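**Student:** I would like to see how this sequence folds:
(chains A and B)
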Number of protein chains: 2
Amino acid sequence: MAEKTVKVALLGAGTVGSQTARLLVEQADELARRAGARIELTGVAVLDPNEVNDPWIDKSLLTTETLDLTTRADIVVELIGGIEPARTFVLSALNHGASVVTANKALLAQHGPELYEAAEKNGVDIYFEAAVGGAIPIVRPLRESMVGDRINRIMGIVNGTTNYILDEMTTKGLAFDTVLKDAQAKGFAEADPTADIGGFDAAAKAAIMAVLAFHRDVRMDDVNIEGIEHVTESDIAAARAMNRIIKLLAVVERSEQGITAGVYPVMLPENHQLAKVSGSFNAVFVEGEASDDLMFYGRGAGGAPTASAVAGDIVTVARHRAAGSTGPLIPLYSNEPIVDASEVESSYMMRLSVADAVGVLARVSDIFAKHNISIRAVQQRPEEDENGNHELWITTHNVADRVIRETAEEVSNAKSIGSVLSIMRVFED
Amino acid sequence: MAEKTVKVALLGAGTVGSQTARLLVEQADELARRAGARIELTGVAVLDPNEVNDPWIDKSLLTTETLDLTTRADIVVELIGGIEPARTFVLSALNHGASVVTANKALLAQHGPELYEAAEKNGVDIYFEAAVGGAIPIVRPLRESMVGDRINRIMGIVNGTTNYILDEMTTKGLAFDTVLKDAQAKGFAEADPTADIGGFDAAAKAAIMAVLAFHRDVRMDDVNIEGIEHVTESDIAAARAMNRIIKLLAVVERSEQGITAGVYPVMLPENHQLAKVSGSFNAVFVEGEASDDLMFYGRGAGGAPTASAVAGDIVTVARHRAAGSTGPLIPLYSNEPIVDASEVESSYMMRLSVADAVGVLARVSDIFAKHNISIRAVQQRPEEDENGNHELWITTHNVADRVIRETAEEVSNAKSIGSVLSIMRVFED
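**Tutor:** Residues are numbered from 1 along each chain as shown, chains lettered A, B, ... in the order given. Presented below is the predicted three-dimensional model:
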């Protein structure tokens, strides 16, 4: 029988692009059986063709005419990253009737909803499994498997660099700066680590997951972001003393007030599934009304793992092209309000340094009471610092982020109490 | 605009059927937006309409004419279980042009390939996310997300009853029979627990996963099955002493010799991700060539969680019906040989009861050497039983299951060595 052919154009031939090309070429026969069509790599757009030396990429496929390439393929695979010119290329592909596979989280977090709409309008697919959690299938489960359920909360460890840093601080008792420098030397952290340690990379993934989970337009700007720059050795030690582990989480959730998306460090019980995710692994925890708790775990980055997700999307989209169909839409019909994460309640732990814990407790309690914060536990630590001060650890019942911060401010400003060392969310289950 | 309607017939209104109907009815508006079509429950086939009292199931929908119902729906949801008459109903639905959603693992493990072929021939979908791992999206990731990758091994805890029993034995030091009776009393185990503790339920899931992972016809009969009936308190204690946890795993893997599917108890390192899956939770660990290790975790059973997976399939299939398309095929193009699990190599631990460990070790070593088994570690336990015997624990390097069993036989039959208490696979990573 005459076999159908689906033409694939690759934009970018970096680590992920190169590995994606390898999977397409090395497994061509198997993938053809799975897609019901031959998947042919017909062009690879790069900035400098001389820099591409992969044996599985035919030199004749290389081009620097990226925009032109987007107009003559069935599937355009965008692996350039960043907003522009990636956005122009993706829109050109969609408007020329090509389906798009992309791993570009920054682009989707800022312009996803327009791109999903452009794909629908043109009757083509846009798939992006690799944009969240690397090799971990999380986009497709949210987009399809759980589509009959109501998702209430997603919590994810979606940034390997920060997870590695917190892990090293926890297991080796090292300071943030020491671990960061070491991670940079080993290539686990970028020379400019802001996107990772500042929580921005995780925030982009939070925005993408929120759209899929809640069927609402949620963008990067809607995500409250707190990174790990201020997490100290003492925070880690305090968490350990309470049998807790500090993780940087991307959290999107739905409450009666509306939808919230945030990225922040959280103290988790050490037996929580997410507390056990170590090193550069990623994991996403989903709470559905009917499904109950689900967790997805795997490699969140790396050339081959990410390429595995990209190739899975290419085969799925190729199958749709061969069958003349498309996959599920991403309908954004919800207009639930977006609630600032500062208004969302959580338990918190506040660490204070005080000269006289006994005398101070009544005064601190007064300030907490004034802000209507119910205290769940107080611990005075036996250790004395060089000035004879002790640490006082206060764990609260649920209180809004804004309120605990206002309270911390008042405690700091009050005379003869001491200083607030840190405040951090505590998740109990 | 005139809205399309997709007619859904439910076969069975037990726990899962009832919860599925609830999701369809309670979330009708949201699901319509997601599917691009109104999902209308048009019939519910049951044995006795008087036994159905769910407020969300309209009495007028109830029928006992199951076969007839399969001929007049767009989507038939089979939740009856067992081989017949479920197989007849599913085939009738497919042959009448309806898509099928089923949670029936036994049926798929024995007749899956014919049903997948019948669906393809009739141009309709067959979806079965709930058949493996309950609420956990594992079928769709294997069928779609990882379709661009090469899967080398899947190991799953896919039976909650046996996981609960092993967990109780491990954490409370109780005997198998004691825990089983308690589980039966609590409703966590069936009155006839054979399907669970004998490993048959897990084996059905292994067969289904093997088809998806390896694109080959694999049936229940191809799965080597060993249950947990013979796992003793002493096995559990021995595992604990070696920092290991015993789990019943469904394992499907690809080697140079071919494809193997098996169910058996395994000693896992206590820090392995699967060792941490406790109680009635399920988890599936997938090793892909490019993706590396992935894990999927969640509720493996229960009405609402399973219904979440069924409803997700219904929405996906409804969307395909509305768009006039179908989802991915399950192409079975591989003819790799199926290798009996008894020929697959693993590390093993053999526990012996011996009178004089020092004198005996040389003789045991001779027998092992004769079978070409390389010994990795030997431990003589200090504890003495009432006859003054000690336990001797021998951990081997890789050896085929058949060979270790022949060796155990020879050790048992040899004069004045002692008795073989147990042999069990040991997985190192």
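**Student:** okay, and the helix or strand of chain A with the least pLDDT?
**Tutor:** Counting by mean pLDDT, DSSP states H and E, chain A has its least confident helix or strand at helix A:357-370, which shows a mean of 87.
**Student:** now find how far off-centre that helix is within its chain.
**Tutor:** Relative to the mean C-alpha coordinate of its chain, helix A:357-370 is positioned 38 Å out (CA atoms, centre = their mean, to the nearest Å).
**Student:** check which helices and strands that helix sits against.
**Tutor:** Secondary structure elements in contact with helix A:357-370, counted by 3 or more CB pairs under 8 Å, 6 or more residues apart in numbering or on different chains; DSSP states H and E, are strand A:345-354, strand A:375-380, strand A:390-396, helix A:401-413. Just so you know, the C-beta spots here come from the backbone N, C-alpha and C atoms, and that holds for glycine as well.
**Student:** for those, give me CSV that also has mean neighbour count, mean pLDDT and distance to A:Asp192.
**Tutor:** Output for the helices and strands packed on helix A:357-370, formatted as CSV (neighbours: other CB atoms under 10 Å in any protein chain shown; pLDDT from 0 to 100; distance: least, CB to CB, whole Å):
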stretch, mean neighbour count, mean pLDDT, distance to A:Asp192
strand A:345-354, 21, 95, 30
strand A:375-380, 14, 92, 39
strand A:390-396, 20, 94, 34
helix A:401-413, 17, 95, 28
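**Student:** closest to chain B out of the ones you listed?
**Tutor:** strand A:345-354 (23.9 Å; CB to the nearest CB).
**Student:** partners of that closest one, with directions?
**Tutor:** strand A:390-396 (antiparallel), strand A:399-400 (antiparallel), strand A:418-426 (antiparallel) (DSSP bridges).
**Student:** distance from the chain centre to stretch A:326-344, please.
**Tutor:** 16 Å.
**Student:** check whether it contacts chain B.
**Tutor:** Yes. Counting by CB under 8 Å from any CB of the partner chain, chain B has neighbours in stretch A:326-344: A:326, A:328-329, A:331, A:333.
**Student:** avg pLDDT for that stretch?
**Tutor:** What stretch A:326-344 shows for mean pLDDT is 90.
**Student:** which parts of that stretch are buried?
**Tutor:** A:326-330, A:332, A:334, A:338-341, A:344 (16 or more other CB atoms under 10 Å in any protein chain shown).
**Student:** span of it from start to end?
**Tutor:** With CA to CA, to the nearest Å as the measure, stretch A:326-344 spans 38 Å from end to end.
**Student:** residues near the residue nearest to A:Asp196 when sequence neighbours are not counted, how many?
**Tutor:** Distance criterion CB to CB, 6 or more residues apart in numbering or on different chains; nearest residue to A:Asp196, sequence neighbours excluded, is A:Thr161 at 3.9 Å. Other residues lying near A:Thr161 total 24 when counted by other CB atoms under 10 Å in any protein chain shown.
**Student:** please apply the same query to A:Asn398.
**Tutor:** Neighbours of A:Asn398 (other CB under 10 Å): 13.
**Student:** roughly how far does it sit from B:Leu174?
**Tutor:** 38 Å (CB to CB, to the nearest Å).
**Student:** run through the helices of the stretch 151-300 of chain A in chain order.
**Tutor:** For the stretch 151-300 of chain A, helices defined by DSSP state H, counting those that start in this stretch occupy the ranges A:160-172, A:176-186, A:194-197, A:200-214, A:233-241.
**Student:** to B:Asn387, which of those lies closest?
**Tutor:** B:Asn387 lies closest to helix A:160-172 among those, at 45.9 Å (CB to CB).
**Student:** counting by contacts, list what the closest one packs against.
**Tutor:** helix A:176-186, helix A:194-197, helix A:233-241, strand A:244-254, strand A:281-288.
**Student:** now those as a markdown table including mean neighbour count and mean pLDDT?
**Tutor:** Formatted as a markdown table, the helices and strands packed on helix A:160-172 follow (neighbours: other CB atoms under 10 Å in any protein chain shown; pLDDT from 0 to 100):
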| stretch | mean neighbour count | mean pLDDT |
| --- | --- | --- |
| helix A:176-186 | 15 | 94 |
| helix A:194-197 | 19 | 95 |
| helix A:233-241 | 18 | 95 |
| strand A:244-254 | 25 | 97 |
| strand A:281-288 | 24 | 95 |
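**Student:** how about the residues of the stretch 151-300 of chain A near chain B?
**Tutor:** So the stretch 151-300 of chain A meets chain B at A:215, A:273, A:276, A:288-299 (CB under 8 Å from any CB).
**Student:** and the helices and strands packed on helix A:357-370 as TSV, adding distance to A:Asp201?
**Tutor:** Compiled in TSV, the helices and strands packed on helix A:357-370 are given as follows (distance: least, CB to CB, whole Å):
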stretch	distance to A:Asp201
strand A:345-354	23
strand A:375-380	33
strand A:390-396	30
helix A:401-413	21
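**Student:** quick one, what contacts the closest residue to A:Arg244 other than its chain neighbours?
**Tutor:** Among residues not flanking A:Arg244 along the chain, A:Met267 sits closest, at 4.2 Å (CB to CB, 6+ apart). Residues in contact with A:Met267 (CB atoms under 8 Å, 6 or more residues apart in numbering or on different chains) are A:239, A:242, A:244-246, A:349, A:424-427.
**Student:** out of those, which is nearest to chain B?
**Tutor:** Checking the contacts of A:Met267 against chain B by CB to the nearest CB gives A:Ile245 as the nearest, at 13.8 Å.
**Student:** wait, doesn't that closest one sit right on A:Thr170?
**Tutor:** Yes. Judged on CB atoms under 8 Å, A:Ile245 makes contact with A:Thr170 at a distance of 6.4 Å.
**Student:** re earlier: so which of the helices of the stretch 151-300 of chain A comes closest to A:Val310?
**Tutor:** helix A:200-214 (15.5 Å).
**Student:** so which elements touch the closest one?
**Tutor:** Partner elements for helix A:200-214 (3+ CB pairs under 8 Å, 6+ apart): helix A:105-122, strand A:151-157, strand A:223-225, strand A:244-254, strand A:259-269.
**Student:** and the ones you listed: which comes nearest B:Thr88?
**Tutor:** Comparing the helices and strands packed on helix A:200-214 against B:Thr88 with CB to CB, the closest turns out to be strand A:151-157 (36.6 Å).
**Student:** can I get the CA coordinates of that closest one in CSV?
**Tutor:** Presented in CSV, the C-alpha positions along strand A:151-157 are these (Å, rounded to 0.1, in the frame of the first residue of the first chain):
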residue,chain,number,x,y,z
ILE,A,151,-8.9,19.0,39.6
ASN,A,152,-8.6,20.8,42.9
ARG,A,153,-4.9,21.3,43.4
ILE,A,154,-1.6,20.6,41.6
MET,A,155,1.7,20.8,43.5
GLY,A,156,4.9,20.1,41.6
ILE,A,157,8.6,20.0,42.0
